[in-house]
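Asks: Next one to model:
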Amino acid sequence: MISQLFLGLHLLLCLSFQDTGTVRQVMRKHSDGSPYVVLYFNASTQELVKEEVFYVTGKLQWTGTYKNSLEEGIWRYFHENGKLKSEQHYLKGKENGTCTDYDASGKVVKQSVYKNGKLEREMSFN
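Replies: This is a model prediction of the structure:
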């Protein structure tokens, strides 16, 4: 009886520590076999929740999240040197908020303000 109780408790503990968050899937690879496009899915609903795209060097080219199969939250794009290239804000699949572009050294070169996917204002910096 005690061994059955122990076995049941052990099984319950194992299940409670099981990762039920996201599942990573490499969708495309570069010719050298390294990941090119990686998608993350909710483990229980199979819904797409995140995307990562990589340069052939292995450095991140861009990343962003999804909600209800639409872009949602902050999407970040990177220069090949690893520095941030652009940061864009999305709401229900449309740009929403201030989006900032950077040059390869990290200097801000442009800011664009969007509301529900429509450009409201753009500022360039020298």
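
Asks: continuing past the host helix or strand of Glu51, what's the next helix or strand?
Replies: Using DSSP states H and E, Glu51 maps to strand 48-54. The helix or strand immediately downstream of strand 48-54 is strand 60-67, counting by DSSP H and E.

Asks: Okay, now the sheet partners of that next one, with direction.
Replies: Partner strands and pairing direction for strand 60-67 (DSSP bridges) are strand 48-54 (antiparallel), strand 70-78 (antiparallel).

Asks: Could you tell me which residues within the last one count as buried?
Replies: Translated: strand 70-78. Under the neighbour-count criterion of 16 or more other Cβ atoms under 10 Å, strand 70-78 has 71-72, 75, 77-78 buried. The C-beta positions use only the backbone N, C-alpha and C, and glycine is treated the same way.

Asks: List just the nearest of those residues to Asn126.
Replies: Tyr77 (21.4 Å; Cβ to Cβ).

Asks: The closest one contacts Ser86, correct?
Replies: Yes. Between Tyr77 and Ser86 there is a contact under Cβ atoms under 8 Å: 4.2 Å.

Asks: now the strands: where do they sit in the protein?
Replies: 22-29, 35-42, 48-54, 60-67, 70-78, 84-91, 94-95, 97-102, 108-115, 118-124 (DSSP state E).

Asks: and these as CSV, adding mean pLDDT?
Replies: Output for the strands of the chain, formatted as CSV (pLDDT from 0 to 100):
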stretch, mean pLDDT
strand 22-29, 96
strand 35-42, 96
strand 48-54, 97
strand 60-67, 97
strand 70-78, 97
strand 84-91, 98
strand 94-95, 97
strand 97-102, 97
strand 108-115, 97
strand 118-124, 97
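
Asks: For the buried residues of strand 70-78, give me JSON lines that also has distance to Thr63.
Replies: Supplementary listing: these in JSON lines, determined by distance: Cβ to Cβ, whole Å:
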{"residue": "Glu71", "distance to Thr63": "11"}
{"residue": "Glu72", "distance to Thr63": "13"}
{"residue": "Trp75", "distance to Thr63": "7"}
{"residue": "Tyr77", "distance to Thr63": "8"}
{"residue": "Phe78", "distance to Thr63": "8"}
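
Asks: That'll do, ta.
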